[in-house]
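Peer 1: Have a look at this prediction, sequence included:
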Amino acid sequence: MANGSNSKVRQMLGQWQRRWQKSQTGNILARLLAWVILGIAMLMSLFLLIFLLMISWLLIPVMIYRARRRAAAMQSGFNSRQAHSRAHVIEGEVVHREQTDRDVNRGKY
């Protein structure tokens, strides 16, 4: 039985080899066209990658500049609010704390 299955396997391998040889002999132009298309696709993807890399290199300094400008604006806004809040501070002393708490709870102040 091993001898019979071995001959079937050899026969199948021979058929596959003949099919492969037939497909390799007649399609030189098709293979050449496939390689050309593959090469063009690779070149286009390479150019796209380089283009996106250049755009990112150009945009990084712009984004850093915007972030610094925004941080400076927030800092100046914070400083002006601090100066504004310091100008309206009224200092005083609480004489009767219990009375003040009751008046606040009643809505007097």
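Peer 2: On my side now, so go ahead. Predicted model, so just to flag it, every value in this text is computed and none were measured. Numbers count the residues shown, from 1 in each chain.
Peer 1: ranges for the helices of this protein?
Peer 2: 2-26, 28-87, 97-106 (DSSP state H).
Peer 1: tilt between the first one and helix 28-87?
Peer 2: What that stands for is helix 2-26. Between helix 2-26 and helix 28-87, the angle comes out at 80 degrees (axes from the mean of the first three to the mean of the last three C-alpha atoms, to 10 degrees).
Peer 1: list the helices and strands helix 2-26 packs on?
Peer 2: Applying 3 or more C-beta pairs under 8 Å, 6 or more residues apart in numbering; DSSP states H and E, one finds that helix 2-26 contacts no other helix or strand. Bear in mind the C-beta positions are built from the backbone N, C-alpha and C, glycine included.
Peer 1: same thing but 10 Å
Peer 2: The contact analysis (3 or more C-beta pairs under 10 Å, 6 or more residues apart in numbering; DSSP states H and E) places helix 2-26 against helix 28-87.
Peer 1: What is the helix it packs on packed up against?
Peer 2: helix 2-26.
Peer 1: What mean pLDDT does the helix it packs on get?
Peer 2: Averaged across helix 2-26, the pLDDT comes to 80.
Peer 1: So which residues make contact with that helix?
Peer 2: 30-31 (C-beta atoms under 10 Å, 6 or more residues apart in numbering).
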